[in-house]
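**Student:** Just a sequence and a predicted model for now, questions to come.
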Amino acid sequence: MSKELEVVIRTLVAILVLFFLTKMLGKRQVSQLSLFEYITGITIGSITAYVSLDLDTNWHLGVIALVVWVLVSIGVDYLQLKSKTMRDLIDGKPRILIKSGKILEDNLKKERVTSDDLMMQLRKKNVFLAADVEFAVMEPNGDIDVLLMRENQPLTPKHLGIKVAPGVASQAVIMDGKVIGEPLAAAGFSREWLKTELDKIGVSIENVFLGQVDGYGQLYVDLFDDMLKVPKPQLKAVLFATLKKCEADLELFSLGTKNEQAKQMYEQCATKLQKTITELTPLLHR
């Protein structure tokens, strides 16, 4: 066997072994790394390169080394799950860098973070003034999480006493001009319904790059042709306007009649409708 072919075979074997071993390590290994996971990733990469290119040694020894490293990593993960002491020992503890708008210089030195590094991380969180920060904490993986002081936090519907509808997951029902049947059925809709909705906005399925249905049955589409504008669904807005018009009509009927029984009936209906509109407003204004 030629050396070139042997390198190709070794590389393919190393890729397959590394893929399955990485799957065993879990998703965290490819997202946010702790110190030990960082070391493990570097070592596994080095061993994989050794398995691929070092033709003077037995390649199966490299595979054994890979398996051992992965088993050790899994064992460490298990210890971390079971013991807070092990988590603190291996990953380290979070450290407060800013408290009540005051930068803690001693903690910066312990983490070897300069003032420039700190300000860069704050700017990534859309914070440009350290005095606006209630807490800034460096996590074990190196990220810096920021909590603004109350007066600097953005307003939310809760601050204004407004109730909003709970979030509902949307479903991608069209991708690359093709209908995706499973999520469409999971959302409780049929292909005929989807075609009807597309006909309303004058779009064919083949022209849709991505189509999504939200939890309230409204279809949103993105077309292949970015120059074409697709109107946003207006069903909820129309329904809200219709309900408000009905409420206004009932109040008008109540004022316009001289029949006390009819007036009382109109007033009761207007009150009930107003209560219904209040309950539906979080959904209709989503």
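**Tutor:** Perfect, I can see it now. Numbers count the residues shown, from 1 in each chain.

**Student:** Disregarding flanking residues, what is the spatial nearest neighbour of the residue positioned nearest the centre of the chain?
**Tutor:** Centroid-nearest residue in the chain: residue 169, 11.0 Å away (criterion: CA atoms, centre = their mean). With sequence-adjacent residues excluded and distances taken as CB to CB, 6 or more residues apart in numbering, residue 169 is closest to residue 215, at 6.5 Å. Where C-beta positions appear, they are placed from N, C-alpha and C, glycine not excepted.

**Student:** Near the one you found, how many other residues are there?
**Tutor:** Neighbour count of residue 215, defined by other CB atoms under 10 Å: 16.

**Student:** So it, which state does it fall into?
**Tutor:** Per DSSP: H, G, I helix; E, B strand; the rest coil, the local secondary structure of residue 215 is coil.

**Student:** Quick check: it touching residue 189?
**Tutor:** No. The criterion here is CB atoms under 8 Å, and residue 215 misses it with residue 189 at 11.7 Å.

**Student:** Now do the SS call for residue 188.
**Tutor:** Quick answer, by three-state DSSP: residue 188 is coil.

**Student:** Residue 220 versus that one, what's the distance?
**Tutor:** 17 Å (CB to CB, to the nearest Å).

**Student:** what residue ranges in the stretch 1-150 of the chain score low on pLDDT?
**Tutor:** 1-4, 6-8, 10-15, 17-38, 51-59 (pLDDT under 70).

**Student:** and residue 168, what pLDDT?
**Tutor:** Note on residue 168: pLDDT of 65.

**Student:** scratch that, residue 212
**Tutor:** Note on residue 212: pLDDT of 91.

**Student:** buried stuff in the helix or strand hosting it?
**Tutor:** Residue 212 is located in strand 208-213, with elements delineated by DSSP states H and E. Neighbour counts using 16 or more other CB atoms under 10 Å place 208, 211-213 of strand 208-213 among the buried residues.

**Student:** Show me how far that strand is from its chain's centre.
**Tutor:** 19 Å (CA atoms, centre = their mean, to the nearest Å).

**Student:** Strand partners (parallel or antiparallel) of the helix or strand just after it?
**Tutor:** Going down the chain from strand 208-213, the next helix or strand is strand 219-223, by DSSP H and E. Sheet pairing of strand 219-223 (DSSP bridges) gives strand 208-213 (antiparallel).
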